[in-house]
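A.B. asks: Sequence plus the predicted model coming up.
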Amino acid sequence: MGVALLAARRSRDPSTQVGACIVNEEKKIVGVGYNGMPNGCGDDSLPWRRSGDNPVETKYFYVCHAELNAIMNKNSADLKGCTIYVTLFPCNECSKLLIQAGIKNVIYLSDKYHKLDNVIASKKMLDLAGIPYEKQSSHYGFHLGLKETVVSKPETKHFVMPRK
Ligand SMILES: Nc1ccn([C@H]2C[C@H](O)[C@@H](COP(=O)(O)O)O2)c(=O)n1
Ligand SMILES: [Zn+2]
């Protein structure tokens, strides 16, 4: 999680910096990513704002999520059986990617959007796919000074057993 937190600090997102680190069954790092604009698009060429008259003027259509970047940056043939450490609970689109990539475990730090539909859908898919998710102690974020983890409130620990 420390590596995910360090990666998050590279993000140019002014409101939420997210980092992800994927490790294999031997605990070796096989992919790291943070939320950023697509390659070649330039961090200053696209908007970082959260709201606007037109959604095209906000970041949401453009930004590549940390999990997507960690998967795309992988340095191994595949990610089957790997664990992802991510500083923010994966959204529904990222969970689809994690499931299809063969990730077997999710460790997260913040679940600040747990009330949003996309996160509820994300958990539904992870549950069905038998992928456990577990919250890691937030003292990591506190020590590294990440805003989103400092303000996160204690949440219910979510953990489901993998299917046999
Ligand atoms: N699983 C996720 C969810 C979100 N992100 C990124 C996408 C945005 O850059 C940022 C969220 O912005 P906010 O709505 O809090 O202003 O986090 C991600 O990388 N992975
Ligand atoms: Zn996502």
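C.D. replies: On my side now, so go ahead. Ligands and ions are numbered 1, 2, ... in the order given.

A.B. asks: near ligand 1, which residues of this protein?
C.D. replies: 13, 15-16, 18, 35, 50, 59, 63, 65-67, 88, 90-91, 94 (CB under 6 Å from any ligand atom). Where C-beta positions appear, they are placed from N, C-alpha and C, glycine not excepted.

A.B. asks: Counting neighbours, which of these end up buried?
C.D. replies: 13, 16, 18, 35, 59, 63, 65-67, 88, 90-91, 94 (16 or more other CB atoms under 10 Å).

A.B. asks: Same list (those) but as a markdown table, adding pLDDT and distance to ligand 2.
C.D. replies: Shown next, in a markdown table, are those (pLDDT from 0 to 100; distance: CB to the ion, whole Å):
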| residue | pLDDT | distance to ligand 2 |
| --- | --- | --- |
| Asp13 | 98 | 12 |
| Thr16 | 98 | 11 |
| Val18 | 98 | 8 |
| Asn35 | 98 | 8 |
| Lys59 | 98 | 13 |
| Val63 | 98 | 9 |
| His65 | 98 | 3 |
| Ala66 | 98 | 8 |
| Glu67 | 98 | 6 |
| Leu88 | 98 | 8 |
| Pro90 | 98 | 6 |
| Cys91 | 98 | 3 |
| Cys94 | 98 | 3 |
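
A.B. asks: Report the two of those residues separated the most.
C.D. replies: Checked with CB to CB, those reach their widest spread between Lys59 and Pro90, with 17.6 Å between them.

A.B. asks: Let me know the closest of the buried ones among the residues of the chain next to ligand 1 to Cys41.
C.D. replies: Nearest to Cys41 among these: Val63, at 9.8 Å, using CB to CB.

A.B. asks: Which of the residues of the chain next to ligand 1 fall within helices?
C.D. replies: Of the residues of the chain next to ligand 1, the ones assigned to helices by DSSP state H are 66-67, 94.

A.B. asks: Among the residues you listed, which one sits closest to Gly102?
C.D. replies: Nearest member of those to Gly102, counting by CB to CB, is Glu67, at 13.5 Å.

A.B. asks: distance of the closest residue to the closest one other than its chain neighbours from Ile84?
C.D. replies: Leaving aside its chain neighbours, Glu67 sits nearest to Cys94 (3.9 Å; criterion: CB to CB, 6 or more residues apart in numbering). Separation of Cys94 from Ile84 (CB to CB, to the nearest Å) stands at 9 Å.
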